[in-house]
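Peer 1: Mind looking at a prediction? Sequence and model below.
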2 protein chains.
Amino acid sequence: MSRRVKLTVAYDGTDYCGWQIQPNGITVEEVLNKKISKLTGEDIRIIGASRTDSGVHALGNVAVFDTESSIPPERMAYALNQKLPDDIVIRQSYQVPDDWHPRYQDHVVKTYEYHICNAPVPNPLKRRYSTHVSFPMDVEAMKKGAAYLIGEHDFVSFCNIKTNVEDTVRTVYALDIMQEGEDITLRITGNGFLYNMVRIIAGTLIRVGRGFYEPERVKEILDEKVRTAAGVTAPPNGLVLVEIGYDDSENGGYSEEERR
Amino acid sequence: MSRRVKLTVAYDGTDYCGWQIQPNGITVEEVLNKKISKLTGEDIRIIGASRTDSGVHALGNVAVFDTESSIPPERMAYALNQKLPDDIVIRQSYQVPDDWHPRYQDHVVKTYEYHICNAPVPNPLKRRYSTHVSFPMDVEAMKKGAAYLIGEHDFVSFCNIKTNVEDTVRTVYALDIMQEGEDITLRITGNGFLYNMVRIIAGTLIRVGRGFYEPERVKEILDEKVRTAAGVTAPPNGLVLVEIGYDDSENGGYSEEERR
């Protein structure tokens, strides 16, 4: 009897060419397919929720696969972690309904963090997981600029032109900017994000923080509705997909929140 | 005219066989010697303050070298960072008196941190810079155990037997244990540390945290004065040499504190 297993996947993206399988270089999806196939003895092709770019990290990406394995779904995480390299970890595994799809759900809440190390010289212990900005940054100005992005907007100005999405309207529920010593963290929650959207938002807010843009420029960029308006795309290594929450309470109660 | 330059050195120790030059594998000292020699055109041999072990990190190790280079000492940091790999960074450089030695100073205060990631499954974004402990830990018990180590003691029980030091009395000024979410940090400050002392203290306090030792066991271990009494040496990747402070105010006022 086949059943669908949902995985919560964390990885250090430094040494991977992103999530999705591609001809040049190893990807997280590829490693997972291989290791799950080895574990179950089947030819497994996982379906991922978010195709993170090369170098981007995750604490809570989501994937599903169908298996006839007798290994209890809740034990899959432990069993897989014995086989996976130490830069990929399955944080949780459990059974979901056979038709549950990680990308086609009505109520999805995604959370990303973008990490900046703001110090005169780089910190070698943070270089893999943050972008270094050596010039002083005005965090209050960044917060003011960020406020314009909260709510439902057409984010086409904050989308890589290589996207194939037609509807570029998304809702940002929260965009917090936190400072602790040399660490500045952008934490953004929304119902979905366009291609490179978080990194373009980060790149734009870094410009605000450095004083190249006034905070009000963020609203103008939104209104201009053209990609060239926004700041550069911030480097991938500062980005972490923190969590994908599904409000599936009507549908079996297997949401992330409840399982914690 | 020769002058002595002091460097504050940060590094990710993951890919190095420690600080000190040795036949098998690349070391931080070796890379620094090569890059400084290249920069100045001289045959430079630096003198380091602390010979960190393989895999141990630093934010503030200290080294000196003598040079006749015309590059201003304060500019050496910037110039070297252009040549160094991104896992070694010079945070600061400046001239010190010709006879100033980073190991032979009367008033030295060293600070180390030991990082533990305490969560049911490992966090792949923390694996390089912390030790993972999956079982719940009692941080209050760890604090009680740590309190016995503060002050002047013979730390021979917390010293690798391969040491060649005769006087094993050291003073621990502070040993704080901080918890923030899944992160537990031991921060220890003292006038000096024996070979593996911080990692053996960490290994012992992890045992206290997991409930294998009562907090009072830490005092017994101190009193027994034999290495086999203490817990295992915690892995190197959790350890960071945070700072070496020199109280040189009588001697030219070039202490770390004043330069910040």
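Peer 2: Nice, I can see it. These figures come from a predicted structure and were not determined experimentally.
Peer 1: Domains in chain A, by residue range?
Peer 2: A:3-97, A:108-241 (automatic domain parsing).
Peer 1: Any chance of those domains in TSV with mean pLDDT, mean neighbour count and distance to chain B as columns?
Peer 2: Quick note: C-beta positions are derived from backbone N, CA and C, even for glycine. Formatted as TSV, those follow (pLDDT from 0 to 100; neighbours: other C-beta atoms under 10 Å in any protein chain shown; distance: least, C-beta to the nearest C-beta, whole Å):
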stretch	mean pLDDT	mean neighbour count	distance to chain B
domain A:3-97	97	19	5
domain A:108-241	95	19	5
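Peer 1: helices or strands next to the helix or strand harbouring A:R199 in the packing?
Peer 2: Here A:R199, judged by DSSP states H and E, is contained in helix A:197-210. Secondary-structure packing of helix A:197-210 (3 or more C-beta pairs under 8 Å, 6 or more residues apart in numbering or on different chains; DSSP states H and E): strand A:108-118, strand A:131-133, helix A:139-147, strand A:169-180, strand A:183-190, helix A:217-224, strand A:239-246.
Peer 1: quick one: strands adjacent to the fifth one?
Peer 2: Strand A:183-190 sits in its sheet next to strand A:108-118 (antiparallel), strand A:169-180 (antiparallel), going by DSSP bridges.
Peer 1: Return the distance of the first one from the chain's centre.
Peer 2: What it means is strand A:108-118. 8 Å (C-alpha atoms, centre = their mean, to the nearest Å).
Peer 1: Please export the C-alpha coordinates of it as CSV.
Peer 2: The C-alpha atoms that make up strand A:108-118 are tabulated as CSV, following Å, rounded to 0.1, in the frame of the first residue of the first chain:
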residue,chain,number,x,y,z
VAL,A,108,0.6,28.8,2.8
VAL,A,109,2.7,31.0,5.0
LYS,A,110,6.4,31.1,4.1
THR,A,111,9.1,32.7,6.2
TYR,A,112,12.6,33.6,5.1
GLU,A,113,15.5,35.3,6.9
TYR,A,114,18.2,37.3,5.2
HIS,A,115,21.3,37.7,7.3
ILE,A,116,23.8,40.6,7.1
CYS,A,117,27.1,40.9,9.0
ASN,A,118,27.6,44.6,9.4
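Peer 1: the inter-axis angle of that strand versus strand A:239-246?
Peer 2: In terms of direction (axes from the mean of the first three to the mean of the last three C-alpha atoms, to 10 degrees), strand A:108-118 departs from strand A:239-246 by 160 degrees.
Peer 1: Strands along the stretch 1-150 of chain A, start to end?
Peer 2: A:3-11, A:47-48, A:57-67, A:88-96, A:108-118, A:131-133 (DSSP state E, counting those that start in this stretch).
Peer 1: May I have the strands that pair with the third one, each with its orientation?
Peer 2: This points to strand A:57-67. Using DSSP bridges, strand A:57-67 pairs in its sheet with strand A:3-11 (antiparallel), strand A:47-48 (antiparallel), strand A:239-246 (parallel).
Peer 1: ok and it relative to strand A:88-96, angle-wise?
Peer 2: Computed by the same axes, to 10 degrees, the angle between strand A:57-67 and strand A:88-96 is 40 degrees.
Peer 1: Then the first one?
Peer 2: For strand A:3-11 against strand A:88-96, the angle between stretch directions is 150 degrees (the same axes, to 10 degrees).
Peer 1: Strand A:3-11: how far from the chain's middle?
Peer 2: Computed by C-alpha atoms, centre = their mean, the separation of strand A:3-11 from the middle of its chain amounts to 15 Å.
Peer 1: Show me what that strand is in contact with.
Peer 2: Strand A:3-11 is contacted by residues A:28, A:32, A:46, A:57-68, A:73, A:76-77, A:80, A:87-98, A:100, A:102, A:254, A:256, B:121, B:123-125 when judged by C-beta atoms under 8 Å, 6 or more residues apart in numbering or on different chains.
Peer 1: Then the last one?
Peer 2: Applying C-beta under 8 Å, 6+ apart, the set of residues contacting strand A:131-133 from outside is A:114-119, A:122-123, A:126, A:202, A:206, A:209-210, A:234-235, A:237-238.
Peer 1: ok, 6 Å please
Peer 2: For strand A:131-133, contacts defined as C-beta atoms under 6 Å, 6 or more residues apart in numbering or on different chains pick out A:I116, A:C117, A:N118, A:P122, A:A234, A:P235, A:G238.
Peer 1: List the contacts of A:K225.
Peer 2: A:V156, A:S157.
Peer 1: Tell me the spacing between it and A:T204.
Peer 2: A:K225 sits 14 Å away from A:T204, going by C-beta to C-beta, to the nearest Å.
Peer 1: What of A:I46?
Peer 2: Distance from A:I46 to A:T204, counting by C-beta to C-beta: 33 Å.
Peer 1: Turn the helices and strands packed on helix A:197-210 into a markdown table, including distance to B:A229.
Peer 2: Output for the helices and strands packed on helix A:197-210, formatted as a markdown table (distance: least, C-beta to C-beta, whole Å):
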| stretch | distance to B:A229 |
| --- | --- |
| strand A:108-118 | 41 |
| strand A:131-133 | 44 |
| helix A:139-147 | 49 |
| strand A:169-180 | 38 |
| strand A:183-190 | 39 |
| helix A:217-224 | 61 |
| strand A:239-246 | 42 |
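Peer 1: Write down the beta-bridge partners of the nearest residue to A:R91 once chain neighbours are set aside, one by one.
Peer 2: Nearest non-adjacent residue to A:R91, counting by C-beta to C-beta, 6 or more residues apart in numbering or on different chains: A:T8, 4.4 Å away. According to DSSP bridges, the residues that bridge with A:T8 are A:V62, A:Q92.
Peer 1: What separation do you get for A:T8 and B:I177?
Peer 2: On the measure of C-beta to C-beta, A:T8 and B:I177 end up 29 Å apart.
Peer 1: same check, this time on A:Y94
Peer 2: A:Y94 is 34 Å from B:I177, by C-beta to C-beta.
Peer 1: just A:R170 next, same as before
Peer 2: Taken as C-beta to C-beta, the span from A:R170 to B:I177 is 43 Å.
Peer 1: cool, A:V89 as well?
Peer 2: 25 Å.
Peer 1: Same question for A:P122.
Peer 2: On the measure of C-beta to C-beta, A:P122 and B:I177 end up 29 Å apart.
Peer 1: for the domains of chain A, which one sits closest to B:I188?
Peer 2: With C-beta to C-beta as the measure, domain A:108-241 is the member of those nearest B:I188 (17.7 Å).
Peer 1: end-to-end on that closest one?
Peer 2: This stretch, domain A:108-241, spans 14 Å end to end (C-alpha to C-alpha, to the nearest Å).
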